[in-house]
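Student: quick one: sequence and predicted model below, then my questions.
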Amino acid sequence: MADIFREVDEEVRRDKAVLFFEKYQFWLVGAALLIVAATAGWRIYDYYKTQAAEKASARYEAALQLAHDGKSAEAEAAFEAIAKDAPAGYRALARLRAIDELSTHDQAAAIKAYETLASDPTYDSSLAAAARLRAAMLAIDTEDPKVFAQKVAAMAGPTGAFRYSARELLALAAFKQGDYEAAGRWLDEIVSDPNAPAGLRSRAEAFLGFVRAGKPSQQ
């Protein structure tokens, strides 16, 4: 008797399954097709994304080679072209490198371009910090000392991505103005910080000796 009831129960389940499939077959088939289409679409997207990245990488390397060969104008044009249509990461890098090449022949224009790039809210924050620093490196000899100090001091705080380089620039600017006390303070912040890069700390220690002497080095 138990076998009969079990067989009847199985038949009922099969009938329910058939009825369920007949009722919802179009939805089930449609869902399966959507899954297949989504998987295929992702694979196609991933393929073209990889292809675009590889092409952008080759173009970027070619532009770097132009810069290395001293062909600044050609390199600048190549980076600008990459910045227009390459994948996002290469676009961001190329925008910065194009200004680097501009700085080799027009520093004033490069300073303005760096600052514009750094203030772009859509631009990568770490690269924006690099753009600010590069602008400061170019502006140290031409900008009003007070304006320069205010701008760069904002980068020299404890969380600044390039705080050690910013402090070094501030020390150099103060030294050029004859403010040896301020220069010493900025250099001390580098020397006393165990997290400062070793090379930069060594340079700061040497510079600090000149500052304490109150005069430039004598060769």
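Tutor: Great, that's in hand. Numbering: from 1, shown residues only.
Student: quick one: low-confidence ranges for this protein?
Tutor: Flagging of the chain using pLDDT under 70 yields the residue ranges 1-49, 51-52, 214-219.
Student: what helix or strand is the most centrally placed residue in it located in?
Tutor: The centre of the chain sits closest to residue 127, judged by CA atoms, centre = their mean, with a distance of 4.1 Å. Assessed by DSSP states H and E, residue 127 sits inside helix 125-139.
Student: what is that helix packed up against?
Tutor: If contacts are counted by 3 or more CB pairs under 8 Å, 6 or more residues apart in numbering; DSSP states H and E, helix 125-139 sits against helix 88-102, helix 107-118, helix 145-153, helix 163-176. Where you see a C-beta, it was placed from the backbone N, CA and C, and this is true even at glycine.
Student: could you look over those and pick the most buried one?
Tutor: Stretch with highest mean neighbour count among those: helix 163-176 (a mean of 21; mean count of other CB atoms under 10 Å).
Student: what's the burial count for residue 201?
Tutor: By other CB atoms under 10 Å, the residues close to residue 201 number 18.
Student: what's the helix or strand for it?
Tutor: helix 198-213.
Student: by contact count, what packs against that helix?
Tutor: Against helix 198-213 (3+ CB pairs under 8 Å, 6+ apart) you get helix 163-176, helix 180-191.
Student: would you mind putting the CA coordinates of the shortest one into PDB?
Tutor: C-alpha atoms of helix 180-191 as PDB (Å, rounded to 0.1, in the frame of the first residue of the first chain):
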ATOM      1  CA  TYR A 180      66.100  81.000   7.700                       C
ATOM      2  CA  GLU A 181      63.900  80.400  10.800                       C
ATOM      3  CA  ALA A 182      60.900  79.400   8.600                       C
ATOM      4  CA  ALA A 183      63.100  77.400   6.300                       C
ATOM      5  CA  GLY A 184      64.500  75.500   9.300                       C
ATOM      6  CA  ARG A 185      61.000  74.800  10.700                       C
ATOM      7  CA  TRP A 186      59.900  73.200   7.400                       C
ATOM      8  CA  LEU A 187      63.100  71.200   7.100                       C
ATOM      9  CA  ASP A 188      62.800  70.000  10.800                       C
ATOM     10  CA  GLU A 189      59.400  68.700  10.000                       C
ATOM     11  CA  ILE A 190      60.900  66.500   7.300                       C
ATOM     12  CA  VAL A 191      64.000  65.400   9.300                       C
END
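Student: next one: it to chain centre, how far?
Tutor: With CA atoms, centre = their mean, to the nearest Å as the basis, helix 180-191 stands 29 Å off its chain's centre.
Student: which residue, other than its chain neighbours, is closest to residue 97?
Tutor: Spatially, and ignoring its direct neighbours in sequence, residue 97 is nearest to residue 79 (4.6 Å; CB to CB, 6 or more residues apart in numbering).
Student: helix, strand or coil: sort out the one you found for me.
Tutor: Following DSSP: H, G, I helix; E, B strand; the rest coil, the label given to residue 79 is helix.
Student: verify the stated contact: it with residue 92.
Tutor: No. Between residue 79 and residue 92 there is no contact under CB atoms under 8 Å: 11.3 Å.
Student: from residue 95, how far out is residue 62?
Tutor: Per CB to CB, to the nearest Å, residue 62 is found 17 Å from residue 95.
Student: ok, back up a step: in a markdown table, list the helices and strands packed on helix 198-213 along with distance to residue 204.
Tutor: Below are the helices and strands packed on helix 198-213 laid out as a markdown table (distance: least, CB to CB, whole Å):
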| stretch | distance to residue 204 |
| --- | --- |
| helix 163-176 | 6 |
| helix 180-191 | 4 |
